[in-house]
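Participant: Any chance you can model this:
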Amino acid sequence: MELTSPKNIKENYIKTLSTMDEYSDILNILVNKSETDPIYTAKELNYEEPPSFENEQRELLEVAMDINSINNGIFEMKNKISELVNYVDYNIDSVKSAIKKEDDRISDINIICGQTSDYNMVIPIYSTDFSGSFENIDDKYFGANIIEQEQVEYVITSISGNGIAGNKFVYREDGTFENEENDYSKEEYINDDNDVTKFEYSRLFTNDKREAVDGIVNYDDKDVEVTITLSADTKFNKIKWMTETKDLIVTKLETSTDGIYFTSQTEKPLKNEGAEDLYNDSTYIYGSNILCFPYSYYVRITFTSSNVENDIIAIEEDNKIMVYSSTRRKKIAINNIKLYKSEYKSTSIVSGNIIVGGSVDKVALFSSEYIPNHFADKKYITYYLIINGDEQEVVPVNSDKEGIKIIKFSETDSSPTLDSWIKTVRETIKTVQIKTVIETPNDNETPYIGNLKLCLEKETGSIYV
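Facilitator: Below you'll find the model as predicted:
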């Protein structure tokens, strides 16, 4: 419902009074008031003047209009504050994204350029660099053209592990337990679609036998591990999780159609943010936190973490708080888990020109791929570099596939080199575009690419991207 502003309320009232000669004195007072002054003007009581029912009604109406103006003003202010908060949040997210992209770029240069002398510049490629229809996840993971996607509702069937749910024994310096204000043992935080709330699973451990407590504090240094089982009435074939635990590892993912017989869908542990894996293992899109599998009604996912939190641990015994100074906590924090069923179509996407000024002498493509292990053994992703307008099929320089990996400028020889993975061109490389063809195995699944980067070498001079 659209609210009437205080200004409009006053203007409408003035228009009404202007048609009534008997209220000309009140009208004169009202038109000289500022926009923020109330409509009602308080008057001293005159006991000798007989009461006027009409004046009392009018004054009560003016008070009501002022109250309405205040209510509407408060509502408007609330909306403006909400808009401001959203604007600030958006800008904070934008700044965080820009910082993360710059961190990634520096890591790319340090690691990729540090591993080989072939390149001295690395350009990260994002979804905004491409035209065409494709699934875009977090701006840097790409799938085939997504025709339709449904987020599937599910229930949490079980949570089990080698620790305890929540943050029950985390003690704060103000003399209170953390879970008194923020209880992270609530399972519903896993599927509440809120990226801020979180479910924690903890394992307390110590190297002091005196602090070991059966079922609470463990005398060991094992990683915390938790297995979460989900089930849905609607079949699904993709899972995506969000976590604030940077060293989180998915050790196993299993699916089932009946909840009895489960099939493993992972061939190796997958780290949440494994920088080494991102650069050394091209067979998964690290950082995406997605896994795909055949249509299922049940999924069982196991997480582990070795990260030790800097928490104070205490236990209340006989109404006394006992601080366990040698006890530490390892935790897994899950902000949310989402399940999907989707419909896809094969697609081809093309970037704009990456180099807008100058030229380079050598170019290669870096890319990670995720081909779910139940896909048939065939080629699903094809890459092309369009160099000075000429299209050349290539394979990522970080993959073990056979094919052209590097295109370089050579004034003396345009014939194939002894290295079958290098193609030479007689013209300096002034324009570079990336073309990628993503083919689907069926209508409901897609392979993915991610962490796409253009690796360049420039002997002398400057280039602009």
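Participant: mind checking pLDDT for Arg105?
Facilitator: The model reports Arg105 with a pLDDT of 52.
Participant: cool, and Ile434?
Facilitator: 95.
Participant: bridging residues for it?
Facilitator: Here Ile434 sits in beta bridges with Leu385, as judged by DSSP bridges.
Participant: Low-confidence regions, the stretch 151-300 of the chain specifically.
Facilitator: 273-276 (pLDDT under 70).
Participant: burial of the residue lying closest to Lys345 once chain neighbours are set aside, as a residue count?
Facilitator: Spatial nearest neighbour of Lys345, chain neighbours left out: Asn145 (4.5 Å); criterion: C-beta to C-beta, 6 or more residues apart in numbering. C-beta here means a position set from N, CA and C on the backbone, and glycine is covered the same way. The tally of other residues near Asn145 (other C-beta atoms under 10 Å) stands at 18.
Participant: what sits against Asn145?
Facilitator: Residues in contact with Asn145, defined by C-beta atoms under 8 Å, 6 or more residues apart in numbering, are 132-135, 344-347.
Participant: change it to 7 Å
Facilitator: 133-134, 344-345, 347 (C-beta atoms under 7 Å, 6 or more residues apart in numbering).
Participant: Thr197 too?
Facilitator: Contacts of Thr197 (C-beta under 7 Å, 6+ apart): 189, 335.
Participant: how about a cut-off of 8 Å?
Facilitator: With C-beta under 8 Å, 6+ apart, Thr197 has these contacts: 189, 335-336.
Participant: how near is it to Gly215?
Facilitator: Remark: distance between Thr197 and Gly215 (C-beta to C-beta, to the nearest Å) = 27 Å.
Participant: before we move on, the earlier item: using ChimeraX, define a selection of the buried residues within the contacts of Asn145.
Facilitator: Only the buried members of the contacts of Asn145 enter the following ChimeraX selection, criterion being 16 or more other C-beta atoms under 10 Å:
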select :134,344,347
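Participant: which non-adjacent residue is nearest the residue most central in space within the chain?
Facilitator: By C-alpha atoms, centre = their mean, the chain has its centre lying nearest to Asp138, at 6.2 Å. The shortest distance from Asp138 to any non-neighbouring residue, by C-beta to C-beta, 6+ apart, is to Ser288 (6.9 Å).
Participant: pLDDT wise, what is Ala376 at?
Facilitator: Ala376 is assigned a pLDDT of 89 by the prediction.
Participant: nope, Leu17 is what I meant
Facilitator: 66.
Participant: now Tyr47
Facilitator: So Tyr47 comes in at 54 (pLDDT).
Participant: Distance of the residue nearest to Asp138 relative to Asn451?
Facilitator: 9 Å.
Participant: So for the two, which sits in the more crowded spot?
Facilitator: Asn451 (24 against 19).
Participant: Mind jotting down where the strands sit in the stretch 251-400 of the chain?
Facilitator: Per DSSP state E, counting those that start in this stretch, the stretch 251-400 of the chain carries strands over the ranges 263-264, 270-271, 290-305, 308-309, 312-317, 320-323, 327-345, 347-351, 362-370, 381-387, 390-394.
Participant: and if you look at the stretch 101-250 of the chain?
Facilitator: Assigned by DSSP E, counting those that start in this stretch, the strands in the stretch 101-250 of the chain fall at 121-124, 130-131, 135-137, 141-143, 145-152, 155-161, 164-165, 170-171, 199-206, 217-218, 224-243, 249-256.
Participant: Let me have these in JSON lines, extended by distance to Gly403.
Facilitator: Output for the strands of the stretch 101-250 of the chain, formatted as JSON lines (distance: least, C-beta to C-beta, whole Å):
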{"stretch": "strand 121-124", "distance to Gly403": "21"}
{"stretch": "strand 130-131", "distance to Gly403": "22"}
{"stretch": "strand 135-137", "distance to Gly403": "25"}
{"stretch": "strand 141-143", "distance to Gly403": "20"}
{"stretch": "strand 145-152", "distance to Gly403": "25"}
{"stretch": "strand 155-161", "distance to Gly403": "44"}
{"stretch": "strand 164-165", "distance to Gly403": "49"}
{"stretch": "strand 170-171", "distance to Gly403": "53"}
{"stretch": "strand 199-206", "distance to Gly403": "44"}
{"stretch": "strand 217-218", "distance to Gly403": "51"}
{"stretch": "strand 224-243", "distance to Gly403": "29"}
{"stretch": "strand 249-256", "distance to Gly403": "31"}
